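A.B. asks: next come a sequence and a model predicted from it.
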Protein chains: 2
Amino acid sequence: MHSPTELQQIIENEIFKLAYPSKPADLYDPIKYIMSLGGKRIRPVVVLMATELFTDEPLKAIDVALAIETFHNFTLVHDDIMDNAPLRRGKQTVHEKWSVNNAILSGDVMMVESNKHLSKVDISVLKPVLDTFNQTAQGVCEGQQLDMEFETRDNVSIPEYIEMIRLKTAVLLGGAMKLGAIVGGADEKNADLLYQFGENLGVAFQLQDDILDVYGDPEKFGKQVGGDIISNKKTFLHLTAKALVQPEELPTLLGDHENTEIKVKAVTQLYDSYQVKEQANVEMEKYLNKAYQALYQIAVSEDRKNLLRQLAKQIMDRES
Amino acid sequence: MHSPTELQQIIENEIFKLAYPSKPADLYDPIKYIMSLGGKRIRPVVVLMATELFTDEPLKAIDVALAIETFHNFTLVHDDIMDNAPLRRGKQTVHEKWSVNNAILSGDVMMVESNKHLSKVDISVLKPVLDTFNQTAQGVCEGQQLDMEFETRDNVSIPEYIEMIRLKTAVLLGGAMKLGAIVGGADEKNADLLYQFGENLGVAFQLQDDILDVYGDPEKFGKQVGGDIISNKKTFLHLTAKALVQPEELPTLLGDHENTEIKVKAVTQLYDSYQVKEQANVEMEKYLNKAYQALYQIAVSEDRKNLLRQLAKQIMDRES
């Protein structure tokens, strides 16, 4: 079986080989640009890992892996417009480097490119592959919509937040796993179990992200530690603290402060005093356990599952 | 066989019945809104007409018809953002009524909805249906890109303009016809001929649009006559005149005038003096003839083709 690193290398090579038309350049260059910015390629890697759980030919799913990675990058291009983000992976976002109109339209073509990749799968699995992909794509859009709405809402509950990250982040990881399983020949029950594994792992992954944003090692995190605190983002930590703090502590949590360092320090102290990190860890473990339970129930030998277990461990133990 | 009006009614009913999730409301309400603004539904109508050319069950293609209409409306939502358009069919555009972010994201979900409709076709034609749809969608995006680029380019040639309208407008009409043919059981050759019919009709349709924008009856046109002239849009008429006028007439053609009525009158006179309308008509007839030639070659009885011929005539004889 292939290690995640080997699969990542295969995917990088395939992405490098992808050929788009040369014209109109401003339509296709942004696609090459965003696809080449790298990242961990977690989603296409898990597509192939899911396939390899059921067959010794994981590359049968390479087109689905490319569809998922293209779709993921499409969402990044459009989300960055909506979030008004100047940087992505330390480089200019597409709408900054080209224009908002270019970013809208190149994103649209990326969606078409995803569907082109997808349509190359064996006809015997084409229908369930399309159904799973479309359901996944729709969920991701719903998640982005909720995320935008939460920015201006003052009464977001913790269950609503979990539902938002489930849709925005976890559904795609679950969908990637299920797609890989389908191409690998899994029956519906096992494909759904792998979906559960991926989706629950995805929720745990995002909760870990929330924790790292506050408690990550600044040397290793890659982004500014405390970024969520500075922008008053309604993360699991923020919402948990908001429900626990005394009225006189609310301004510290919700207010802006000219000096961002002081703001980050004050809110982190608040989190510490209410053991918010520990509660986030408990929540994360809950979803991680659900993920492992689903994996356990899948009807393939336990040793075949080891790589997926290792990947989950790597994702959760990560420092950036 | 069904008349275009009967098919349009069937499509209106199906669109009316379409159910989207109720939440998040700001994601799905814009879809219901834009889909209910009406229009002539030409694209889904020709899907069903193309199917009925080859089978007595045109409704086999209803999902493809809905996919095409949803995709078309998706392009309207995103194009209106890019064009900064306040109105669509006399009503507020989606980005005006909601927000640019909502319009981007609802458009994205409409693309997913199109693919969901498409995935419902019989498995025996699913692959060619997907291939044709994806190629069509990609062409439409390329056309929109060129259209945007032309706004700021001073050296657009007439062949470039024809290529732009081919991609932006005609490819979708051709794709709709080909998709209908495939679902109706046409072989590749006949499906391609119907594509040729649709694409060439589409180019003629857009040229007719350019002519109507200047020479349409203000009582019947529905939009402001001369809108293209006021905005200095590089239409076939504009580009033809630009290639013919004397240097001293260029400011009349290219310049702005405080009084739009005077501008429209002056440019129309320029068009008249160089017989620009007549040249546009010659070009339009060229594409119309190509369309009819392709239709003629399709291996079904001539009487079955009458409705498509009538439709083409209606489209070309229209006054709005």
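C.D. replies: Cool, got the structure. Residues are numbered from 1 along each chain as shown, chains lettered A, B, ... in the order given.

A.B. asks: got any ranges where the stretch 151-300 of chain A has weak pLDDT?
C.D. replies: Applying pLDDT under 70 to the stretch 151-300 of chain A flags no residue at all.

A.B. asks: strands of that one, start to end?
C.D. replies: Counting by DSSP state E, counting those that start in this stretch, the stretch 151-300 of chain A has no strands to list.

A.B. asks: so where do the helices sit in it?
C.D. replies: In the stretch 151-300 of chain A, the helices defined using DSSP state H, counting those that start in this stretch lie at A:158-165, A:171-183, A:188-215, A:218-221, A:227-230, A:236-244, A:250-254, A:260-273, A:276-297.

A.B. asks: which one in chain A is furthest away from the centre?
C.D. replies: A:E248 (35.8 Å; C-alpha atoms, centre = their mean).

A.B. asks: could you report the separation of it from chain B?
C.D. replies: 35 Å (C-beta to the nearest C-beta, to the nearest Å). All C-beta atoms are positioned from the backbone trio N, CA, C, and that covers glycine.

A.B. asks: now do A:F54
C.D. replies: The separation that A:F54 has from chain B, given C-beta to the nearest C-beta, amounts to 22 Å.

A.B. asks: surely that residue and A:G184 touch.
C.D. replies: Yes. Assessed by C-beta atoms under 8 Å, A:F54 is found in contact with A:G184 at 3.4 Å.

A.B. asks: flag every residue of chain A that's near chain B.
C.D. replies: A:21, A:24, A:26-27, A:78, A:81-82, A:101, A:104-105, A:107-109, A:111-113, A:115-116, A:119, A:123, A:126-127, A:130-131, A:134, A:137-138, A:141-142, A:144-146, A:148-149 (C-beta under 8 Å from any C-beta of the partner chain).

A.B. asks: that older thread, most tightly surrounded among the helices of the stretch 151-300 of chain A?
C.D. replies: helix A:171-183 (a mean of 29; mean count of other C-beta atoms under 10 Å in any protein chain shown).

A.B. asks: quick check: angle from that one to helix A:158-165?
C.D. replies: Counting by axes from the mean of the first three to the mean of the last three C-alpha atoms, to 10 degrees, helix A:171-183 lies at 50 degrees to helix A:158-165.

A.B. asks: and helix A:171-183, how far from the chain's centre?
C.D. replies: Computed by C-alpha atoms, centre = their mean, to the nearest Å, the separation of helix A:171-183 from the middle of its chain amounts to 13 Å.

A.B. asks: now stretch A:65-78
C.D. replies: 11 Å.

A.B. asks: could you list the buried residues of it?
C.D. replies: Residues of stretch A:65-78 classed as buried by neighbour count (16 or more other C-beta atoms under 10 Å in any protein chain shown): A:65-78.

A.B. asks: go through those residues and name the one nearest A:Y292.
C.D. replies: Among the buried residues of stretch A:65-78, A:I68 lies closest to A:Y292 (C-beta to C-beta), at 22.7 Å.

A.B. asks: contacting residues around the closest one?
C.D. replies: A:43-44, A:47, A:114, A:172, A:175-176, A:179 (C-beta atoms under 8 Å, 6 or more residues apart in numbering or on different chains).

A.B. asks: quick one: what helix or strand has it in it?
C.D. replies: In this assignment (DSSP states H and E), A:I68 forms part of helix A:62-82.

A.B. asks: that helix vs helix A:171-183, what angle?
C.D. replies: 170 degrees.

A.B. asks: for the one residue sitting closest to the centre of chain A, which non-adjacent residue is closest in space?
C.D. replies: Nearest to the mean C-alpha position of chain A, by C-alpha atoms, centre = their mean, lies A:T169 at 4.1 Å. Distance criterion C-beta to C-beta, 6 or more residues apart in numbering or on different chains; nearest residue to A:T169, sequence neighbours excluded, is A:Q206 at 4.7 Å.

A.B. asks: so who does the one you found touch?
C.D. replies: Contacts of A:Q206 (C-beta under 8 Å, 6+ apart): A:165, A:168-170.

A.B. asks: ditto for A:V129
C.D. replies: Contacts of A:V129 (C-beta under 8 Å, 6+ apart): A:64, A:118, A:121, A:179, A:182-183.

A.B. asks: show me where the stretch 1-150 of chain A has strands.
C.D. replies: Using DSSP E, counting those that start in this stretch, strands in the stretch 1-150 of chain A cover A:87-88, A:91-92.

A.B. asks: out of the contacts of A:I68, who's nearest A:A191?
C.D. replies: A:L179 (8.6 Å).

A.B. asks: so the closest one sits against A:F133, correct?
C.D. replies: Yes. Between A:L179 and A:F133 there is a contact under C-beta under 8 Å: 6.5 Å.

A.B. asks: on that earlier part again, pLDDT for the buried residues of stretch A:65-78 - can I get that in CSV?
C.D. replies: Below are the buried residues of stretch A:65-78 laid out as CSV (pLDDT from 0 to 100):
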residue, pLDDT
A:A65, 98
A:L66, 98
A:A67, 98
A:I68, 98
A:E69, 98
A:T70, 98
A:F71, 98
A:H72, 98
A:N73, 98
A:F74, 98
A:T75, 98
A:L76, 97
A:V77, 98
A:H78, 98
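
A.B. asks: quick one on the thing from earlier: quick check, nearest of the contacts of A:I68 to B:G198?
C.D. replies: Lowest distance from B:G198 to these (C-beta to C-beta) belongs to A:S114, with 25.7 Å.

A.B. asks: hmm, the closest one is touching A:F71, no?
C.D. replies: Yes. The pair A:S114 and A:F71 qualifies as a contact (C-beta under 8 Å) at a distance of 4.2 Å.

A.B. asks: that older thread, who's more crowded, A:F54 and A:G184?
C.D. replies: The residue with more neighbours, out of A:F54 and A:G184 and counting by other C-beta atoms under 10 Å in any protein chain shown, is A:G184; that gives 26 against 23.

A.B. asks: phi, psi for that one please.
C.D. replies: phi -70, psi -10 (degrees, to the nearest 10).
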